[in-house]
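> turn this into a structure:
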Amino acid sequence: MSKILFMNSLTEENYLKEIYKLSGQNPKGVSTTAIAVALNIKAATVTDMVRKLTRKNLLKHEKYYGVTITKKGKKAALEIIRKHRLWEVFLVEKLSFKWDEVHPIAEQLEHIRSEELTQRLDKYLGYPKADPHGDPIPDSKGNIHLESLVPVSAVKKNGTGVISGVSEHDSSFLKYLESNSLGLGNHIQVLEVIDFDKSMNIKINRKKNLHISNKIARNILLKLHGK
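Got it, this is the predicted structure:
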């Protein structure tokens, strides 16, 4: 039976996961400032950890260009993300947690280092492709399928699509979506874009009209019809 172990530094795993995510937006290099903002810590602390992870060949850091993640670092980050998202599925589907409750719990469970446990969890859940927030789950080889999703804020008048993801996992945001029938799988039509503040009037499931702010619209991701 495989042992269940924890990393000597959970902080290292959290850095790798966040830098991997930021690298998707900044493939040429992520600044230490951006990392500090994402993790809500001081820039000097980030610099020290980047040096440590660079010595382990998990990151590369070039002056003026920023931080990039190595092949080894990417593999480690995807393993953490895979575990996190599988645990979120388990918590929602098997333990009846709500989608706004699971993120902090999965943050703890993702650091369990048992490949056997992860594989059995994946099989038990029926090899899910996405977590409760619509985020794709990497497979056991680190492959991840990224769907072409667009924020509601980028959709023009009369554009339609199905909610297939969110880019914000804050509990209050998810509760707002849930209370307004804006969960995954719901149909959205943009009725009007307000020039003044880019807020929107939308129709949900061809029935309910709702006015949403630009901030909310930016964080709801749609799979557009015909895409």
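> for the residue most central in space within the chain, what are its contacts?
Centrality entry for the chain: nearest residue to the mean C-alpha point is residue 135, 5.7 Å, by CA atoms, centre = their mean. Taking CB atoms under 8 Å, 6 or more residues apart in numbering, we find residue 135 in contact with 85, 165. In this view, the C-beta of every residue, glycine as well, is placed from N, C-alpha and C.
> gap between it and residue 71?
Residue 135 sits 22 Å away from residue 71, going by CB to CB, to the nearest Å.
> what's the answer for residue 124, then?
Taking CB to CB as the measure, residue 124 falls 30 Å from residue 71.
> ditto for residue 189
Applying CB to CB, the value for residue 189 to residue 71 is 43 Å.
> more neighbours, those two?
Of the pair residue 189 and residue 71, residue 189 is the one with more neighbours under other CB atoms under 10 Å, namely 18 against 10.
> which SS class is that one?
Taken by DSSP: H, G, I helix; E, B strand; the rest coil, the conformation at residue 189 corresponds to strand.
> and the one 3 residues further on, by the same measure?
Of the three states, residue 192 takes strand under three-state DSSP.
> any idea how far the longest helix along the chain is from the middle of the chain?
Looking only at the chain and at elements set by DSSP state H, the helix with the highest residue count is helix 71-93. Remark: helix 71-93 is offset 10 Å from the chain centroid, using CA atoms, centre = their mean, to the nearest Å.
> what's that helix packed up against?
Contacts defined by 3 or more CB pairs under 8 Å, 6 or more residues apart in numbering; DSSP states H and E place helix 71-93 against helix 10-25, helix 102-109, helix 115-124.
> need these in a markdown table (columns: mean neighbour count, mean pLDDT and distance to residue 212).
Formatted as a markdown table, the entries for those read as follows, by neighbours: other CB atoms under 10 Å; pLDDT from 0 to 100; distance: least, CB to CB, whole Å:
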| stretch | mean neighbour count | mean pLDDT | distance to residue 212 |
| --- | --- | --- | --- |
| helix 10-25 | 18 | 92 | 23 |
| helix 102-109 | 17 | 96 | 22 |
| helix 115-124 | 14 | 97 | 35 |
